[in-house]
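Trainee: need coordinates for the following:
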Amino acid sequence: MALNVNLSPLTVPSGTEFPGTVQANLDLIAQYMEVTGLEDFNGVNYGSVEPDPADRDKAWFKTDSGGTPLGWYTWNGTSWVVLPAKATVGTIAQRDAIASPQDGQIFQVIGTGAYIFVESDNAWEQTFPTPTAPQAYDRFYLFPSWQELASISGSVSSWTAVDLSDLVDTAGLTTIKGAILAVDCAFPDQGFGPPVNYSVALRVTQDNTVATTSDSLLKAIAQGTRDDSRCSAAAQNSGMVPLTDKTVYYCAQVTNATGATGRVWLLGFIY
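Mentor: Alright, predicted model coming up:
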């Protein structure tokens, strides 16, 4: 369906004279002109406010409260849902039979799993990297609550092993690719007197043969129990530890270790 909007003149009554003012002339023109070409167009909804039930037969160009476009939506009988970008599926010959592909047009080739799309030069381009069929993607398992792996008081100068096998079984898994870990540190309240500065490097790794002071290891998220200069900590965020088996290792170097503590937590697995 094409929307070709035109201004078309109506028939002015016989004997009509030119009005005496410019404004009256404009009023006459507006009265005897009509817009044509919109017979099959019933309008669109626009803006951040959900359209009235009477307007659910029209598409909704949804924006946020600041006017930023969020996409085209349509009423599916229950709720407003975004219109999906659909890919055409077929053979290479069927793809090449499309004489004038448009910018953003998507075509999936049967048998290869590769998606083809069109860039601004109107040439078919293959996605990179090309997906293989079937494609295996990593999945995540997150525990309902953090699992404490170790509670540390003072320095631990060598690697200490933590076997995750029971927790892997609890998650209902047989093999895992990685563990999602977090660590925290706490420092004692010294009360009054000279400031006492603490620093903690609580590390986790999958390899107990590396140096415990290596900067490449994951470090603690250090948080002090006092919000002043009496305790301080500097450390990098922890994250995923790649695993070739079901064991992780931890160590902790603490200055002014008396009363300083740390914990290692397991959040979940990548499998």
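Trainee: rest of the way, CA atoms for contacts and neighbours
Mentor: Will do.
Trainee: mind checking the end-to-end distance for stretch 126-142?
Mentor: Terminal residues of stretch 126-142 lie 35 Å apart, using Cα to Cα, to the nearest Å.
Trainee: got the domain ranges for this structure?
Mentor: Here the domain parsing of the chain from automatic domain parsing is 6-36, 45-82, 88-126, 140-270.
Trainee: pick the most buried one from those.
Mentor: domain 140-270 (a mean of 17; mean count of other Cα atoms under 10 Å).
Trainee: one step back: same list (the domains of the chain) but as a markdown table, adding mean pLDDT.
Mentor: As requested, the domains of the chain are arranged in a markdown table below (pLDDT from 0 to 100):
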| stretch | mean pLDDT |
| --- | --- |
| domain 6-36 | 85 |
| domain 45-82 | 86 |
| domain 88-126 | 73 |
| domain 140-270 | 72 |
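Trainee: need the three-state assignment for Asp166.
Mentor: Here Asp166 is helix, with the state taken from DSSP: H, G, I helix; E, B strand; the rest coil.
Trainee: I would like the residues contacting stretch 79-90, please.
Mentor: Contact with stretch 79-90 is made by 71-75, 105-110, as judged by Cα atoms under 8 Å, 6 or more residues apart in numbering.
Trainee: for the stretch 1-150 of the chain, what spans make up the helices?
Mentor: For the stretch 1-150 of the chain, applying DSSP state H, counting those that start in this stretch gives helices covering 22-31, 92-96.
Trainee: got JSON lines for those helices, with distance to Leu83 too?
Mentor: Shown next, in JSON lines, are those (distance: least, Cα to Cα, whole Å):
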{"stretch": "helix 22-31", "distance to Leu83": "38"}
{"stretch": "helix 92-96", "distance to Leu83": "23"}
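Trainee: quick one: closest of those to Val204.
Mentor: With Cα to Cα, the closest approach to Val204 among the helices of the stretch 1-150 of the chain belongs to helix 92-96: 50.0 Å.
Trainee: tell me what the closest one is packed against?
Mentor: Helix 92-96 is packed against strand 106-109, with contacts defined by 3 or more Cα pairs under 8 Å, 6 or more residues apart in numbering; DSSP states H and E.
Trainee: list phi and psi for the nearest residue to Asp64 once chain neighbours are set aside.
Mentor: Nearest residue to Asp64 in three dimensions, chain neighbours excluded: Ser48, at 5.1 Å (Cα to Cα, 6 or more residues apart in numbering). When read as degrees, to the nearest 10, the backbone of Ser48 gives phi -90, psi -20.
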